[in-house]
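In: with the input below, show me the fold.
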Amino acid sequence: MMSVRPPHHRRTARRFLAALAGATAGVLVVGLAAVPAQAAGRTDIRTDIRAGSHAGSHAAGRADARASARLGTVARTVGHARFEPGPCPRTADPAPPVERPRCGTLTVPENRSRPHGPRIKLGVEIVPAANGTPEPDPIVWLAGGPGDDAVSEIQLALNGGLNRNRDVIFMSQRGTYSADPQLTCPNIDRFNADALDLVFGAPSTGRLHVQATRACRDGLADRGVDLSAYNGTESAADYADLREALCIEQWNVFGISYGTDLALLYMRLRPEGIRSVGIDGVLPPSLAGGAVTWKATREGTDGLFKACADQPACNARYPDLKVTFDRLVGELEANPVRTTVSVPGRPGPVEVVLDGGVLVNWLVSATHLAAGVPRSLDELAHGNPQRIAEQWAGGKLSPQAVGRVSHGLAYGVFCREWTPYESQADITEGGRREFPSFPDSVLANAPLLPWLHADCEAWDVPPAPPSVRDVTVSDIPTLVLSGGFDAQTAPSSGPYAARTLSRSTEVTVPYVAHVVYADSACAQSITGSFFDTPTAPDTGCLAGLQPPVFEIAP
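Out: Next up is the predicted model:
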């Protein structure tokens with residue numbers, strides 16, 4: 001989740017979890033402390049296309065195109081899952097109308113180990129291909145978070161032309177905004193807003209944070225929710241059931257942010273019927289957790305700092321940004337700055353505390369608006385914290401920061417699939433490797449995942465089997481997209497995932513932060529080309545990309 005608020009169509013993709021500004025579970029992870037060496041002969045970079053024949057090719061298994069047009073119009077039961085046509089799911093925010101959508105719900109067991117137990121409903125919306133003659137293999141969109149709602153990300157997908165010649169299917173992951181039950185817990189979002197005037201890493205703040213998490217948990221448990229059933233393994237099964245219930249022989253998968261974790265899990269557990277997979281802002285399940293977020297922070301911010309250093313005007317006005325940032329984190333942690341800011345929609349001044357932890361989390365989010373980062377850090381270094389404080393407060397106090405994210409799903413993923421496989425000491429040590437000068441009080445809280453282990457103790461769900469952490473090995477054609485400024489899931493996570501995907505195309509889009517599809521026309525073009533020709537997408541647009549022009553203060 002971010003504390004900086006770009007336009008809504010970008011904002012949606014970037015919410016990698018919980019309450020945007022970072023005092024809640026706010027996922028953005030990945031990038032091992034030691035990424036395995038690249039395979040011999042691989043180019044460094046931008047493009048690594050592994051050869052191979054096109055299994056599940058464009059022509060193979062082609063059904064009558066008219067069948068695609070009928071997706072979502074017929075009720076069907078497959079095993080314990082049932083699709084029912086019906087009204088379109090609600091969205092968290094007003095959205096432009098979609099032409100001729102086909103909608104309904106998928107009903108599945110809440111816990112597949114108890115198939116005759118409680119059942120849940122997942123909202124489904126199918127957006128028709130813009131050209132009116134869709135290819136027979138649609139695309140299914142996997143949202144980020146964990147906890148974001150796919151139906152609320154429709155406009156993001158359409159802005160990039162994803163439905164140019166294919167229907168695109170959006171289904172709410174279990175527990176998200178348009179699902180039933182909805183596990184959003186706005187009390188956590190309100191806590192994040194109320195915590196602006198608290199010291200981020202103070203033990204007293206941590207206790208209040210965990211209290212909010214426990215209140216969410218207790219409220220859901222009192223409603224009879226099986227908290228252990230909201231996780232990636234169940235979600236992967238939901239999508240497999242949806243494909244069969246819609247009578248789709250083959251489809252393509254596109255996941256962003258946490259949706260990449262889910263996509264990699266899905267293609268490992270239920271690969272049947274998957275023609276190709278695109279993953280953007282890569283979070284491999286084998287790496288996911290709190291410890292590795294520090295590597296992501298280092299890589300993404302170093303990329304931004306280098307871009308400034310390579311631009312003569314920026315380097316002359318803001319030299320040694322990396323050193324400045326590291327120094328400011330230590331200084332603010334020792335002596336937090338307290339200030340007041342004005343926030344649109346708020347009647348009076350808002351008090352904000354900036355300490356070392358806040359500065360780290362702000363910068364991870366601010367990579368999405370990279371052009372202003374050097375100026376903001378320089379102003380802070382010279383005693384003016386207003387720009388950073390306004391952005392930090394604006395994210396937490398935005399109406400879009402409340403009631404949108406499914407904390408029930410987020411903690412189900414964190415506490416079953418991530419924290420059982422790392423320790424609190426692992427988080428601190430991961431931070432120390434990347435930022436040796438930072439105080440322990442900063443290193444103890446992974447960026448965008450503060451108090452993670454304490455939260456999971458309060459959440460109290462059993463761990464997933466260790467196999468949930470297995471590396472995904474697959475020959476399904478896969479597009480692996482990363483951003484050079486990605487401080488949330490790390491540019492190096494793409495090559496790491498691609499090592500074991502034998503027919504993958506690995507692309508790093510320079511000068512772009514987390515989820516490149518949201519901000520880069522080049523990434524959108526590559527993605528469209530990939531789904532047309534999964535073993536040979538056109539990546540030529542990479543050659544013409546330019547860094548941002550950084551703001552230079554008078």
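
In: okay, now stretch 394-414: how far is its last residue from its first?
Out: Terminal residues of stretch 394-414 are spaced 26 Å apart (C-alpha to C-alpha, to the nearest Å).

In: residues of that stretch that come out buried?
Out: 394-398, 400-414 (16 or more other C-beta atoms under 10 Å). Just so you know, the C-beta spots here come from the backbone N, C-alpha and C atoms, and that holds for glycine as well.

In: and for stretch 419-427?
Out: For stretch 419-427, by 16+ other C-beta under 10 Å, it's 419-422, 424, 426-427.

In: figure out how far it is from the centre of its chain.
Out: 21 Å (C-alpha atoms, centre = their mean, to the nearest Å).

In: touching it from outside, list them.
Out: 289-291, 294, 443-446, 452-453, 456, 463-464, 466, 469 (C-beta atoms under 8 Å, 6 or more residues apart in numbering).

In: returning to that earlier point: take the buried residues of stretch 394-414 and keep only those in helices.
Out: When the buried residues of stretch 394-414 are checked against helices (DSSP state H), the matches are 394-397, 407-413.

In: and which of those residues is nearest to Pro85?
Out: Distance ranking of those against Pro85, using C-beta to C-beta, places Leu409 first at 25.2 Å.

In: give me the pLDDT value at that closest one.
Out: Here, the pLDDT recorded for Leu409 equals 98.

In: Provide a list of residues in contact with it.
Out: Counted by C-beta under 8 Å, 6+ apart, Leu409 has contacts 145-147, 173-176, 183, 230-231.

In: ok, and the most crowded of those residues?
Out: Pro146 (36 neighbours; other C-beta atoms under 10 Å).

In: before we move on, which element is it in?
Out: Assessed by DSSP states H and E, Pro146 sits outside every helix and strand.

In: from what I can see it touches Ala410, true?
Out: Yes - if you go by C-beta atoms under 8 Å, Pro146 and Ala410 touch, sitting 4.7 Å apart.

In: helix or strand right after the helix or strand hosting Val364?
Out: With elements taken from DSSP H and E, the one containing Val364 is helix 356-366. Per DSSP H and E, the first helix or strand lying C-terminal to helix 356-366 is helix 373-381.

In: circling back: got a markdown table for the contacts of Leu409, with distance to Phe254 too?
Out: Formatted as a markdown table, these follow (distance: C-beta to C-beta, whole Å):
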| residue | distance to Phe254 |
| --- | --- |
| Gly145 | 15 |
| Pro146 | 17 |
| Gly147 | 18 |
| Gln173 | 14 |
| Arg174 | 19 |
| Gly175 | 21 |
| Thr176 | 17 |
| Leu183 | 24 |
| Tyr230 | 22 |
| Asn231 | 21 |
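
In: show me the residues you listed that map onto strands.
Out: With strands defined by DSSP state E, no entry of the contacts of Leu409 lies inside them.

In: specify which member of the residues you listed is nearest to Lys121.
Out: Arg174 (9.5 Å).

In: how near is the closest one to Thr205?
Out: 30 Å (C-beta to C-beta, to the nearest Å).

In: next: Leu246.
Out: Taken as C-beta to C-beta, the span from Leu246 to Thr205 is 46 Å.

In: and Leu158, by the same measure?
Out: From Leu158 to Thr205 the distance is 40 Å (C-beta to C-beta).

In: look at those two and report which has more neighbours.
Out: Neighbour tally, Leu158 and Thr205, criterion other C-beta under 10 Å: the higher count belongs to Thr205, 21 against 18.

In: which one is the more buried one nearest to, not counting chain neighbours?
Out: Closest residue to Thr205 apart from its sequence neighbours, by C-beta to C-beta, 6 or more residues apart in numbering: Leu198 at 4.6 Å.

In: same check, this time on Tyr318
Out: Pro374 (4.0 Å).

In: who are the contact partners of that neighbour?
Out: So Pro374 contacts 308, 314, 317-318, 321, 550-551 (C-beta under 8 Å, 6+ apart).

In: which of those residues sit farthest apart?
Out: Maximum distance among the contacts of Pro374 (C-beta to C-beta): 13.0 Å, for Leu321 and Glu551.

In: and those two? Which one has more around it.
Out: Legend: neighbour count by other C-beta under 10 Å for Leu321 and Glu551, higher for Leu321 (24 against 17).

In: where does the nearest residue to that one once chain neighbours are set aside fall, secondary structure wise?
Out: Distance criterion C-beta to C-beta, 6+ apart; nearest residue to Leu321, sequence neighbours excluded, is Phe305 at 4.5 Å. Under the criterion of DSSP H and E, Phe305 resides in helix 293-309.

In: also Arg275?
Out: strand 274-280.

In: kindly report the same for Thr107.
Out: Thr107 is part of strand 102-109 when elements are defined by DSSP H and E.

In: sheet partners, orientation included, of that strand?
Out: Partners of strand 102-109 in the sheet, by DSSP bridges, are strand 81-85 (antiparallel), strand 119-127 (antiparallel).

In: for this structure, where's the lowest mean pLDDT among helices and strands?
Out: Sorting the helices and strands of the chain by mean pLDDT, DSSP states H and E puts strand 48-49 at the bottom, at a mean of 30.

In: just for the chain, where's the confidence low?
Out: Applying pLDDT under 70 to the chain flags residues 1-70.

In: quick revisit: which stretch among the strands paired with strand 102-109 comes nearest Val480?
Out: strand 119-127 (24.6 Å).

In: gap between that closest one and the chain center?
Out: Relative to the chain's own centre, strand 119-127 is displaced by 20 Å; criterion: C-alpha atoms, centre = their mean.

In: now that strand: buried residues?
Out: 120-127.

In: before we move on, what about stretch 483-501?
Out: Neighbour-count burial for stretch 483-501 [16+ other C-beta under 10 Å]: 483-501.

In: which ones among those residues map onto helices?
Out: Counting by DSSP H, these contribute 493-498 to helices.

In: with distance to Arg114 added, can I get those in TSV?
Out: TSV is the format used below for those (distance: C-beta to C-beta, whole Å):
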residue	distance to Arg114
Ser493	35
Gly494	38
Pro495	40
Tyr496	36
Ala497	33
Ala498	37
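
In: pick out the most distant pair among those residues.
Out: Once C-beta to C-beta is applied, those give Ser493 and Ala498 as the farthest pair, at 9.5 Å.

In: now for the two: what residues contact both?
Out: Joint contacts of Ser493 and Ala498 (C-beta under 8 Å, 6+ apart) do not exist.

In: tell me the contacts of Gly290?
Out: 29, 418-419, 422, 426-427, 430, 446, 449, 452-453.
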